[in-house]
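J.: Quick one, structure for this:
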Amino acid sequence: LTADATQPMVTAAGRPVDYHWELRPITDVITSHTNDFQETPNFDQSLQPRGRDSKALQLQVAKITNNPDPNLLMENPYTEHGAPIVGSDMQVESGNGRTIGLRGAYNQNPAGAALYADAVKAKAVQLGMDPGAVASVPAPLLIRFRDTEPETMAGRHALAEEMGRPSVAGQNTADTARVD
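T.: Numbering: from 1, shown residues only. The predicted model follows:
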């Protein structure tokens, strides 16, 4: 389900990125890693400049799984916070940890998942999506579908890296080296 209006968000570097809202089953999006932090085979790992094996990132995922606060996982003008950002191939470009955490909530925390689902369904209706269609979306995930299209794959990789900076969990030396 799609909201009509294109909206702007901004990277930490100040680059504007246009998007529109979509409500999708969480199974529609492709994250960089599984819930046990193994790389997802059909995900372009160059879109995920940070390793998912650090304790800090695993703690972030666990915190979201245990307490999926809708206020932190929906609207935000900055790309590194709020609802996950996906490209046309449904790969998460910013918000992999948030999405993995929400997927964990749907699998392990029914009460928390229901709280998030109710909030995003209400937000989707507020954004102009059809209430009947919204109600039928299983395990809903409110996403920011990126409309600004980089000209090259290298440009997409650079944008994905920029959209995630500064992150809740900073890059370690190995992550920085991998990006450079």
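
J.: residue at max distance from the center of the chain?
T.: G132 (24.5 Å; CA atoms, centre = their mean).

J.: next structured bit after the helix or strand harbouring that one?
T.: Counting by DSSP states H and E, the element that carries G132 is helix 131-135. Next along the chain after helix 131-135, taking DSSP H and E as the criterion, comes strand 140-146.

J.: by how many degrees do the helix or strand following that following strand and strand 140-146 diverge?
T.: As assigned by DSSP H and E, the chain's next helix or strand after strand 140-146 is helix 153-163. Angle of helix 153-163 versus strand 140-146, following axes from the mean of the first three to the mean of the last three CA atoms, to 10 degrees, is 120 degrees.

J.: now for helix 153-163, which elements pack on it?
T.: strand 92-94 (3 or more CB pairs under 8 Å, 6 or more residues apart in numbering; DSSP states H and E). All C-beta spots, glycine's among them, are computed from the backbone N, C-alpha and C.

J.: Counting residues, name the longest helix you see in the protein.
T.: Across the chain, the longest stretch assigned as helix under DSSP state H is helix 110-126.
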